[in-house]
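> coordinates only, sequence not included:
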């Protein structure tokens with residue numbers, strides 16, 4: 001019991017109001033939850049974090065009321081799972097009319113959930129030869145259920161795998177009938193006012209777009225990875241971090257050594273966190289440090305964390321550990337050395353003045369003495385349609401929002417044609433005859449051109465000066481580059497307007513003076529799945545801790561290896577196994593942050609949407625614009641122009657963007673002055 005009390009205090013003390021030991025009644029309730037549900041303290045802590053996120057309070061304090069609410073939430077979740085299991089068992093169909101597997105053309109045979117009637121007249125229908133399906137509709141045979149259950153473009157009854165029990169059904173809600181449309185989910189810097197949108201579009205674009213990454217390097221040959229090249233990339237990353245640690249902490253060469261070598265002297269060892277089993281999940285007893293070939297011959301050594309007050313690790317994390325390997329069998333860690341951060345972006349006063357003048361909208365703009373209108377940036381992430389249709393109504397809605405408010409920039413991250421979408425995966429959908437010259441030779445580019453391009457064409461005709469950025473995803477069925485880092489898909493093949501620019505994944509760009517890093521990979525979910533916390537973590541707030549890993553590791557995807565596909569959320573396709581991260585290890589260096597820390601980091605995730613400032617970086621998780629069964633969220637940014645003091649103008653030296661000139665502090669995190677972020681449903 002005393003051991004459990006100590007472990008619970010280590011895990012939960014940061015969540016208490018005092019930051020100290022837990023109250024006896026709170027400890028009693030936590031022990032009760034562990035005993036009733038047979039879960040260890042670490043899993044209980046994860047449930048507390050999930051409960052805090054669900055309640056929308058990252059800083060929720062643990063007291064007798066909240067711990068009882070947690071207990072009820074855990075109990076409700078268990079009862080819900082039991083009801084689902086019972087429903088799956090009781091919903092098995094008895095006496096249903098058998099269906100011929102060879103003639104089963106409905107999506108994954110899921111129309112069996114509707115009552116069957118005998119099917120006739122099917123023997124004369126010519127069977128299609130089994131071959132690579134074309135993108136034209138696979139004509140479904142007349143269903144034995146009533147026609148109301150199936151339309152040409154909509155699946156009215158679909159088994160959605162992980163989101164529904166087997167044999168369950170649901171009636172999808174129309175996008176136009178969605179509840180809480182336009183509701184604000186979260187506001188960052190609410191003290192900054194939202195300006196009125198202009199009455200007419202600006203005569204010139206107010207955005208100067210600069211690529212800080214070399215997109216040509218992303219056009220590498222996929223499926224040609226060599227183990228020797230991949231090993232060198234992983235090894236070089238350790239050695240590069242060792243040089244950074246040495247310069248930052250002013251260490252001598254003699255201070256470094258191999259954690260795998262037996263010695264009674266305290267050393268600093270730099271290596272990669274890994275699990276001792278290729279198929280296992282990281283836990284306190286399975287943590288090993290993988291050394292580089294130069295410093296430790298690539299050996300792995302188990303880590304002992306007895307002397308550490310707290311730690312937060314994940315596979316692939318490059319760490320600098322101070323400790324001793326006295327026995328030769330393990331490395332006892334006494335201290336974790338913090339890695340240095342990239343410097344912030346800076347400009348000369350003349351450059352900042354040029355960007356401010358650009359915000360006025362052209363040389364003929366009025367009110368030269370007044371402050372220009374802030375930038376209006378809208379960000380959304382795919383999928384852009386629900387599982388039951390290919391109408392792409394959420395995409396048209398966000399484009400309409402950009403047109404109505406005369407947004408300066410619209411940034412959309414893929415997937416656009418989601419390969420995990422049930423209709424795309426099966427090829428079971430309709431297209432008008434005029435859209436395809438030959439339905440049997442239709443390509444995904446033609447599908448994109450017909451279903452998605454019109455939304456951008458309409459937007460650019462209404463608002464010609466808008467800048468539209470599209471970021472591909474490894475789940476895009478249109479993209480032939482099925483690996484991450486990922487090159488842009490060809491813009492010409494899909495007939496996109498001139499105002500649309502397709503960039504790489506990931507990509508660091510500059511919108512005027514704002515340096516923005518974007519990646520469509522759901523790295524936050526995978527980090528949440530794989531990270532392990534011990535003792536008192538340095539960052540107790542989950543949604544601030546996860547993006548900090550990216551900033552500290554200087555990489556858009558620092559996790560290695562990625563989460564196995566079978567452990568990712570299920571999809572609505574047959575088998576339900578998602579695409580996964582699709583990492584090309586030989587080119588992981590293209591996923592690094594270059595030269596400077598971005599001012600803004602856009603990392604869409606299935607985790608709850610948020611906007612936070614972490615290490616002077618505005619991190620935005622927009623969520624998904626469309627969820628499998630309903631609508632999602634997007635972000636709208638209002639970015640005020642930068643300002644400078646007269647002294648800074650006179651000195652003429654490089655200066656930062658002054659996002660923190662008049663900062664306010666909350667939860668130990670600084671919030672920037674010049675940006676306001678709204679999260680919308």
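Perfect, thanks for sending it. Note that the structure is a prediction, hence the values are computed from the model and not measured.
> wait, what's in contact with residue 40?
For residue 40, the residues meeting the contact criterion (C-beta atoms under 8 Å, 6 or more residues apart in numbering) are residue 34. C-beta: built from backbone N, CA, C; applies to glycine.
> separation between it and residue 226?
For residue 40, the distance to residue 226 equals 41 Å [C-beta to C-beta, to the nearest Å].
> and residue 330, by the same measure?
Between residue 330 and residue 226 the computed distance is 33 Å (C-beta to C-beta).
> neighbour count: those two, which is higher?
Between residue 330 and residue 226, counting by other C-beta atoms under 10 Å, residue 330 is the more crowded of the two (18 against 10).
> that one contacts residue 305, correct?
No: with contacts counted by C-beta atoms under 8 Å, residue 330 stays clear of residue 305, the gap being 10.3 Å.
> for residue 537, phi and psi?
Its backbone dihedrals place residue 537 at phi -70, psi 150, with angles given as degrees, to the nearest 10.
> look up how far residue 318 lies from it.
Per C-beta to C-beta, residue 537 is found 18 Å from residue 318.
> ditto for residue 472
Taken as C-beta to C-beta, the spacing of residue 472 relative to residue 318 amounts to 27 Å.
> next, the buried residues of stretch 227-240.
Under the neighbour-count criterion of 16 or more other C-beta atoms under 10 Å, stretch 227-240 has 230, 233-235, 237-238, 240 buried.
> quick one: which of the residues you listed has the lowest pLDDT value?
Ranked by pLDDT, those bottom out at residue 230, which scores 87.
> from the contact counts, what lies against whichever strand or helix holds residue 243?
The secondary structure element spanning residue 243 is helix 227-249 (assigned by DSSP states H and E). Packing partners of helix 227-249 (3 or more C-beta pairs under 8 Å, 6 or more residues apart in numbering; DSSP states H and E): strand 263-275, helix 293-296, strand 318-325.
> how many degrees apart are that helix and strand 318-325 in direction?
80 degrees (axes from the mean of the first three to the mean of the last three C-alpha atoms, to 10 degrees).
> and residue 195, what does it touch?
Taking C-beta under 8 Å, 6+ apart, we find residue 195 in contact with 373-374, 638.
> again, 6 Å this time
With contact set as C-beta atoms under 6 Å, 6 or more residues apart in numbering, residue 195 has these partners: 373-374.
> distance check, it against residue 636.
Taking C-beta to C-beta as the criterion, residue 195 is separated from residue 636 by 12 Å.
> got it, and residue 39?
From residue 39 to residue 636 the distance is 40 Å (C-beta to C-beta).
> and if you look at residue 194?
Counting by C-beta to C-beta, the gap between residue 194 and residue 636 amounts to 9 Å.
> what does residue 619 give?
For residue 619, the distance to residue 636 (C-beta to C-beta) stands at 16 Å.
> ok, now residue 198?
With distances defined as C-beta to C-beta, the gap from residue 198 to residue 636 amounts to 15 Å.
> those two: which has the busier surroundings?
Taking other C-beta under 10 Å, residue 198 and residue 636 do not tie; residue 636 has more neighbours (22 against 12).
> that one bridge partners, please.
residue 378, residue 678 (DSSP bridges).
> I'd say it and residue 378 touch.
Yes: with contact defined as C-beta atoms under 6 Å, residue 636 and residue 378 form a contacting pair (5.3 Å).
> centre of the chain versus the helix of greatest length in the chain, how much separation?
Looking only at the chain and at elements set by DSSP state H, the helix with the highest residue count is helix 64-90. Taking C-alpha atoms, centre = their mean, to the nearest Å, one finds the center of helix 64-90 at 28 Å from the center of the full chain.
> for that helix, which positions count as buried?
Judged by neighbour count (16+ other C-beta under 10 Å), helix 64-90 contains these buried residues: 66-67, 70-71, 73-74.
> C-terminal to that helix, what's the next element?
Downstream of helix 64-90, the first helix or strand assigned by DSSP H and E is strand 184-188.
> got a list of contacts for whichever helix or strand comes after that following strand?
Where DSSP H and E defines the elements, the next helix or strand beyond strand 184-188 is strand 209-211. The contact list for strand 209-211, computed with C-beta under 6 Å, 6+ apart, reads 509-510.
> likewise stretch 453-462?
Under the criterion C-beta under 6 Å, 6+ apart, external residues in contact with stretch 453-462 comprise 395-396, 399, 403, 494-497, 499-500.
> quick one, helices of the stretch 551-681 of the chain?
With DSSP state H, counting those that start in this stretch as the definition, the stretch 551-681 of the chain shows helices at residue ranges 646-651.
> thanks again, I'm all set now.
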